[in-house]
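Peer 1: sequence and predicted model, in that order:
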Amino acid sequence: MDFIRKQVVADGEAGTFGGRVQTRFPPEPNGFLHIGHAKSVCLNFGVAAEHGGICRLRFDDTNPAGEDAAYARGIAEDIAWLGFDPGVPLHTSEYFEQLYEWAEHLVVQGLAYVDDQDAETISAGRGDFTTPGVASPWRDRSPTENLALLRDMRAGRFGDGEKVLRARIDMTHPNMLMRDPVMYRIRHAGHFRAGDAWCIYPTYDWAHGQSDAIEGVTHSLCTLEFEGNRQLYDWYLDKLPLPGDRPRQTEFARLNLTHTVMSKRALGALIDGGLVDGWDDPRLPTLRGLRRRGYPPEAIRAFCAHIGVARVNGTHEIELLESFVRTHHNRFAQRRMAVLRPLEVVIDNWPGGHVECRRAPNNPENPADGTREVPFSGRLWIERDDFMIDPPRKFYRLAPGREVRLRAGYFLRCDDTETGPDGEVLRLRCSYDPTTGGGQAPDGRKVRATIHWVSADHAADATVALYDRLFGDPVPGADGRDPLESYNPDSRELITAAKIEPGLLETPPGSVVQFERLGYFARDTAPGEQPLFHRTVGLRDEWANIQKRRGQGA
RNA sequence: UGGCCGGUAGUUCAAUGGUAGAACGCCUGACUUUGGAUCAGGAGGCUGCAGGUUCGAGCCCUGCCCGGCCAGCCA
C-alpha cells in the first residue's frame, strides 16, 4: 500500500474528517490529458472508491487565456474512456463570487492589499533565495482604501496589469511563495464559462484550497512541484471562515516516461510545429493518442496500479507500459495474418488454380474465440524479412533449399529464386508438402520456423503505420536542453502496400488485432480509401534482439 | 547562494529497529504450428558517503555528497 493510501486509512481510524474521504481531479481545461494525468485520475478516483468516498472532476478554470470548452469536453471523455465516471464536472469559476467575498474578508482583516506596482517591480521586490524581499510602498494602505480599490478593480475601473490584490504575509519569508503572493490579477478577457462577468481572476493559490474546502474535499492530492504551495494553501484556509473541515494537501511524484515528453509546453511545441499530427497523434502520450494507437484503458490502469505512488521523482521505462499493453492484448486480441513487405512465392507443385480454405485459430490463448478460414493458393505473399539468400547463423527462416512451416498451412521448401539485374530477389520458386497440412510431417522431420503468409490472389491492400520512439534520448530535455533536439524524425514509417488477409476488412475501426509475429495493430477510426492500421506495440522479438546485439557488438 | 523534499538491483517500487524482496528488463532451460505466449531456474545490491546511538540501523542522530522544486499577475 502506498503512503497516501496508508495515510487515508490512518485518517479513517483516527476519525479525521469524520471518516469521510473525498478527492478531486482538477485539470485546467487548456489541453488534453496525457498518461501522467491518468496516474492522478487512477489515484484520486481509486482512493475515493476504496473508501466509499467520492471523487469529482473539477476544472481549474482560473485563467481565461487558453482555456476552452472543447478541452473540458475532451477531458471528461478521456476520463470516461479510462474507466472512471467523471459525473457532472465542477468548475472553480462557479466559486468566483465566494472567492471574492473571502478576498474582501481578508482585506478587512488587514491581510490583503491592493498593489499598484507593475509585474516587473513586484518580482524585483520579492528578492531572491538569499536576499529578503522589500515591502511595496502600497503595503500599508488602510483596509478601507484597499476595499474601495478592490471594488474598483472588480468594477473594471483599471486596465490589465494596473493593480493586483496581494496577500499580506511576510516579505522576508524563506519560502518565496509566502512573500505576499498575488491573489487577483486584472484580465479584461472573456472566460469560456463566465463570459464577461469578471475582469479580475483568482490565481491558482488563491483558488485551489478554497475550492477544495467549498466542495468538502478531504484529501487534496497533487504533484510534488506544489510542495512549496502547501504552506500558502494552509495559510489561506487558516484565515478564512470555512464552512467545514479543512482539506489537507498531500503531494506525490508525477509520472515521467522515457523517450517521450509530458509537459504541456513540449506537447504544444510538437503539435504547433507540425512534428506530429495533433493531440491524438498515435506517437503522443496523450490519452487520445494512446487510444488511437490501440492502448487499452485496462492496461493503462494496470500500469498505474503497478508503478504505485511515492515521493521520489523518477522516470519509468516506456517498455514497462508496453509490457502491460502486450499482456492485455495477448489475452484478448484476435490473431490475423498480414504481410508488411511482400515477397512473392510461387508454389510450383500446387494444383493449378486450386484454392483451399485453411482453418486458423483466432486466439490460441483463448480457444473460445474459435477459428476462421483463410484462403490458400499457389501464389502467396510472405514477409521479405522471412527470406535470406545467404542466411547468417541463428536465422531460422526461409533460405534456398530450406524448409519452414506456413502458419496454419503446409511445410514449404524454397527450391529456387528469381533475381533482378541488381541481384535483388524478385520471386521465390517453392514446393509444398501435401502431407503436412496438419502442421507436422508424418516422417517426423522438423522445421525451425513458422512464418505467416497471405494468398496473393485474395489479399486486400492496407496502409500500416509503424512507430519508433518519438525521442531518441531516454530523457528528452535532460540537463536543460531543448527536448526537441532529440526528436526522432523517423518516428513513423508508413507502409502503403501491405497485404492483409481478406477477413481483416471486417475488423471494426478502433479495435486491435494481432498480426501474427508482427505485433498488435489498431485499426484507425477514420474512413479512408484503404484500411489504416497503427502498430500499437510489437511482439517480443528474439531475432530482433540478436540483430541489435550484433550491431552493437563487434 | 536560502528554504523545502528526496536518494534501496539496469528501471520503478517494497521491507513494526531484527536474514534486503517484487515487477519489468537481461541470461539459461522446458514446452510450443507466432523466434510470441506459458512454465522453471539464474545473474544482478558496500541500501549516496562518513561518523554516531544500539545487542542489532535501509530505518534513529550529526555532517557531507548528489538530485528535484521554489525568485509568473501559469497551473
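Peer 2: Nice, thanks for sending it over.

Peer 1: tell me the SS of A:C222?
Peer 2: What DSSP: H, G, I helix; E, B strand; the rest coil gives for A:C222 is strand.

Peer 1: residues contacting it?
Peer 2: Going by C-beta atoms under 8 Å, 6 or more residues apart in numbering, A:C222 touches A:249-252. For glycine as for every other residue, the C-beta is placed from the backbone atoms N, C-alpha and C.

Peer 1: show the buried residues in these.
Peer 2: A:249-252 (16 or more other C-beta atoms under 10 Å).

Peer 1: residues of the stretch 401-550 of chain A that sit close to RNA strand B?
Peer 2: Counting by C-beta under 7 Å from any atom of the strand, the stretch 401-550 of chain A comes close to RNA strand B at A:405, A:407-409, A:437-440, A:449-451, A:514, A:516-517, A:539-543, A:545-546, A:549.

Peer 1: now, of these, which are buried?
Peer 2: A:405, A:407-409, A:450-451, A:514, A:516-517, A:539.

Peer 1: and those residues, which two are the farthest apart?
Peer 2: A:G409 and A:L539 (20.0 Å; C-beta to C-beta).

Peer 1: from the contacts of A:C222, pick the one nearest A:G480.
Peer 2: For these, the nearest to A:G480 is A:E251 (23.6 Å; C-beta to C-beta).

Peer 1: relative to RNA strand B, how far out is the closest one?
Peer 2: Here the criterion is C-beta to the nearest atom of the strand, to the nearest Å. By it, A:E251 lies 8 Å from RNA strand B.

Peer 1: now that residue: how far from A:E225?
Peer 2: Noted for A:E251: a distance of 8 Å to A:E225, by C-beta to C-beta, to the nearest Å.

Peer 1: so who does the closest residue to RNA strand B within chain A touch?
Peer 2: Closest residue of chain A to RNA strand B, C-beta to the nearest atom of the strand: A:G439 (1.3 Å). A:G439 makes contacts with A:405, A:408, as judged by C-beta under 8 Å, 6+ apart.

Peer 1: quickly find the element holding it.
Peer 2: Taking DSSP states H and E as the criterion, A:G439 maps to no regular element, lying outside all helices and strands.

Peer 1: how about the strands of the stretch 451-554 of chain A, start to end?
Peer 2: According to DSSP state E, counting those that start in this stretch, the stretch 451-554 of chain A carries its strands in the segments A:453-455, A:460-467, A:492-500, A:512-515, A:519-523, A:532-537.

Peer 1: columns mean pLDDT and distance to A:R185 on top of these, output as a markdown table?
Peer 2: Shown next, in a markdown table, are the strands of the stretch 451-554 of chain A (pLDDT from 0 to 100; distance: least, C-beta to C-beta, whole Å):
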| stretch | mean pLDDT | distance to A:R185 |
| --- | --- | --- |
| strand A:453-455 | 98 | 63 |
| strand A:460-467 | 97 | 42 |
| strand A:492-500 | 97 | 42 |
| strand A:512-515 | 97 | 47 |
| strand A:519-523 | 97 | 44 |
| strand A:532-537 | 96 | 43 |
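
Peer 1: need the ones you listed in JSON lines (columns: distance to A:P137).
Peer 2: Formatted as JSON lines, the strands of the stretch 451-554 of chain A follow (distance: least, C-beta to C-beta, whole Å):
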{"stretch": "strand A:453-455", "distance to A:P137": "80"}
{"stretch": "strand A:460-467", "distance to A:P137": "58"}
{"stretch": "strand A:492-500", "distance to A:P137": "57"}
{"stretch": "strand A:512-515", "distance to A:P137": "64"}
{"stretch": "strand A:519-523", "distance to A:P137": "62"}
{"stretch": "strand A:532-537", "distance to A:P137": "60"}
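
Peer 1: rewinding a little: which ones among the buried ones among the residues of the stretch 401-550 of chain A next to RNA strand B map onto helices?
Peer 2: Residues of these located in helices (DSSP state H): none.

Peer 1: quick check: beta-bridge partners of A:I186?
Peer 2: Beta-bridge pairing for A:I186 (DSSP bridges): A:I200.

Peer 1: tally up the residues packed near it, please.
Peer 2: Neighbour count of A:I186, defined by other C-beta atoms under 10 Å: 21.

Peer 1: sorry, back to before: now intersect the contacts of A:C222 with the strands, please.
Peer 2: With DSSP state E as the criterion, strands contain A:249-252 from among the contacts of A:C222.

Peer 1: tell me the one of those nearest A:D61?
Peer 2: A:Q249 (19.8 Å).

Peer 1: now do the contacts for the closest one.
Peer 2: Per C-beta under 8 Å, 6+ apart, neighbours of A:Q249: A:209, A:220-222, A:226, A:229-230, A:233-234.

Peer 1: kindly report the same for A:T507.
Peer 2: A:334, A:336, A:513, A:523, A:531.

Peer 1: can you name the residues bridging to the first one?
Peer 2: Counting by DSSP bridges, A:Q334 forms beta bridges with A:V513.

Peer 1: likewise the fourth one?
Peer 2: Applying DSSP bridges to A:R523 yields these beta-bridge partners: A:F533.

Peer 1: OK, contacts around it?
Peer 2: A:507-513, A:531-533.

Peer 1: mind putting the ones in strands among the contacts of A:C222 in a markdown table, pLDDT included?
Peer 2: Output for these, formatted as a markdown table (pLDDT from 0 to 100):
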| residue | pLDDT |
| --- | --- |
| A:Q249 | 95 |
| A:T250 | 94 |
| A:E251 | 93 |
| A:F252 | 93 |
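
Peer 1: of those, just say which sits nearest to A:D348.
Peer 2: Taking the ones in strands among the contacts of A:C222 together and measuring to A:D348 by C-beta to C-beta, the closest member is A:F252, at 65.3 Å.

Peer 1: so that closest one touches A:G36, yeah?
Peer 2: No - the pair A:F252 / A:G36 is not scored as a contact, 11.5 Å apart, by C-beta atoms under 8 Å.

Peer 1: quick check: mean pLDDT across stretch A:545-554?
Peer 2: The average pLDDT within stretch A:545-554 is 66.

Peer 1: hang on, the earlier thing: among the contacts of A:R523, which one is most surrounded by other residues?
Peer 2: A:F533 (27 neighbours).

Peer 1: that one reaches A:T525, doesn't it?
Peer 2: No - no contact is recorded between A:F533 and A:T525 when judged using C-beta under 8 Å, the distance being 11.6 Å.

Peer 1: where along the stretch 151-300 of chain A do the helices fall?
Peer 2: Assigned by DSSP state H, counting those that start in this stretch, the stretch 151-300 of chain A shows helices spanning A:204-215, A:229-239, A:264-272, A:287-293, A:297-307.

Peer 1: will you turn the ones you listed into JSON lines that also has distance to RNA strand B?
Peer 2: Shown next, in JSON lines, are the helices of the stretch 151-300 of chain A (distance: least, C-beta to the nearest atom of the strand, whole Å):
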{"stretch": "helix A:204-215", "distance to RNA strand B": "3"}
{"stretch": "helix A:229-239", "distance to RNA strand B": "6"}
{"stretch": "helix A:264-272", "distance to RNA strand B": "8"}
{"stretch": "helix A:287-293", "distance to RNA strand B": "17"}
{"stretch": "helix A:297-307", "distance to RNA strand B": "4"}
